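> Could you look at this predicted model? Sequence included:
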Amino acid sequence: MPESAVFTRTPTPRDLRQDLLLAAVLLVGGVISAGLSSIAQVYGDDQAPTWTALLVVLGLSLPIAVRRRHPALVAIAIALVFFAAVTFRAPEVYVSNIAMFVALYTVGAWMNDRRAALLVRVGIIAGMFVWLVITMYRDAITEADEADVAAGLFSPFVAFMMIQLLLNVLYFGGAYYFGERSWTAARERDDLARRTRELEAEREVTAAQAVALDRVRIARELHDVVAHHVSVMGVQAGAARLVVDANPAEAKRMLAGIEESSRAAIGDFRQLLETLRTPGSDDAAEAPSALGLDDIDDLAQASTDAGLPTAFTVIGDPADVPGVVGVNLYRIAQEALTNARRHAGVGATADVRLRYQADAVELEVVNTGRAVGALRPGLGQLGMRERALASGGTIELRPRPEGGFRVRASVPLHPVVEVAR
């Protein structure tokens, strides 16, 4: 992408006011300089009338007022006035040099078309040096009869000409260099400001994404806690209602189970709220619970007590898993059993298997019961998928041909962390 398309420099209202002030200062200074130079006879007998210097001052100061709006035109106009002033020996040499320097500097510092800026400056500087060589040659011819000139290569006249040449190199080189430096500095400031804006925008997006992820985590935890405990209490309350007259003791046992489930729900809610109030803990954000794989046995027993006979089997040698992985697998098993109680029907059973493999741990929850037709995704299934993916694993959710449902989640014991390149 061309540079001009990336960065353009536009003067502000303050810059334009400063240009007007600079033009006024040069005008006043030029008038004073013209008067003093005329009195001092800077060009001797060849000096032009004073009114010519006043015209030169006007021709130099007025364009400066719009130097940042039209840098190329201003530089060319001032160069022509400068040429004319020196050629006709108008009695003003100080403000004209300042105006010429400022004009060349402005082309380098403010002209957005960098190729044109280069050509304008090179053209003016080349013209100035051609004119200087011609002037030096003319003066050398004029002074050829002087003894000082014929005295040798380093006569006073030649030395003076060499000083003039060196001063012009420094003068025009300085105007070119400082103009380029100003443009480069402005471009770097613009790049820094643009990158700062981009970083700020990225930070806002990242913050919004973090808030969204936190909301998803909270929603997932609330769903798992509410769905499980309310489902258990609902089943036990219905069963107690049916047997309260015929078997009061069994009804009392079921009511005790409802009480226990309510306490467990309150405990889970309390721990969730405490986690949300605890800043700076990534693990807590992902796992607002102390539950893990060792608690799946109790979960299966609770499911049995709630009316869904559930068997729990551990296959293989147990291995240590990260706390987040343990919580996620526990919640997957909890949601699978909750769904089984809600949809499997009377007489259904469930089987929970926890398999420890060489490089992974697999959780499988299978239940019998009603045949499931088309799979209807809900918040529970979405939460299970999110938990499996958050642990770096995979999950399979599908109906069984003979009736019931199967949930199988596999999580690697040592997840591979990809490093961004």
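Perfect, I can see it now. Numbering: from 1, shown residues only.

> Only C-alpha atoms from now on, for both contacts and neighbour counts.
Noted.

> Skipping adjacent residues, who's closest to Leu20 in space?
Ala65 (4.6 Å; Cα to Cα, 6 or more residues apart in numbering).

> how close does that neighbour sit to Arg398?
79 Å (Cα to Cα, to the nearest Å).

> Who has more neighbours out of the two?
Per other Cα atoms under 10 Å, whichever of Ala65 and Arg398 has more neighbours is Ala65, with 20 against 14.

> ok, now how distant is that one from Val243?
100 Å.

> what do you get for Ala23?
Relative to Val243, and taking Cα to Cα, Ala23 is found at 103 Å.

> who's more crowded, those two?
Legend: neighbour count by other Cα under 10 Å for Ala23 and Val243, higher for Ala23 (22 against 15).

> was I right about that one contacting Arg67?
No. Between Ala23 and Arg67 there is no contact under Cα atoms under 8 Å: 9.4 Å.

> Return the set of buried residues in stretch 393-404.
Gly393, Thr394, Ile395, Leu397, Pro399, Arg400, Gly403, Gly404 (16 or more other Cα atoms under 10 Å).

> who's the fifth one bridged to?
Think Pro399. For Pro399, the beta-bridge partners are Phe405 (DSSP bridges).

> wait, isn't it in contact with Arg408?
No. Pro399 is not in contact with Arg408 according to Cα under 8 Å; the separation is 11.5 Å.

> list the contacts for the nearest residue to Ile332 once chain neighbours are set aside?
With sequence-adjacent residues excluded and distances taken as Cα to Cα, 6+ apart, Ile332 is closest to Met384, at 5.4 Å. The contact partners of Met384, by Cα atoms under 8 Å, 6 or more residues apart in numbering, come to Arg331, Ile332, Glu335, Ile395.

> Look up how far Asp320 lies from Met384.
From Met384 to Asp320 the distance is 21 Å (Cα to Cα).

> If you tally nearby residues, what's the number for Leu242?
Neighbour tally, Leu242, other Cα under 10 Å: 12.

> Quick one: classify it as helix, strand or coil.
Under the three-state scheme (DSSP: H, G, I helix; E, B strand; the rest coil), Leu242 adopts helix.

> how close does it get to Ala251?
Taking Cα to Cα, one finds Leu242 at 8 Å from Ala251.

> Please apply the same query to Ala306.
12 Å.

> got it, and Gln164?
The value you get for Gln164 to Ala251, if Cα to Cα is used, is 114 Å.

> Could you do Val102 as well?
Applying Cα to Cα to Val102 and Ala251 gives a distance of 99 Å.

> More neighbours: these two, which one.
Ala251 (21 against 17).

> Now do the contacts for the nearest residue to the more buried one once chain neighbours are set aside.
Of all residues not flanking Ala251 in the chain, Ala240 sits nearest, at 4.5 Å (Cα to Cα, 6+ apart). Ala240 sits next to Glu250, Ala251, Lys252, Met254, Leu255 when contact means Cα under 8 Å, 6+ apart.

> On the three-state scheme, the first one is what?
Following three-state DSSP, Glu250 is assigned to helix.

> dump the residue contacts of it.
If you count contacts by Cα under 8 Å, 6+ apart, then Glu250 has Ala240, Val243, Val244 around it.

> Kindly recompute the last result at 10 Å.
Ala239, Ala240, Val243, Val244, Ala256 (Cα atoms under 10 Å, 6 or more residues apart in numbering).
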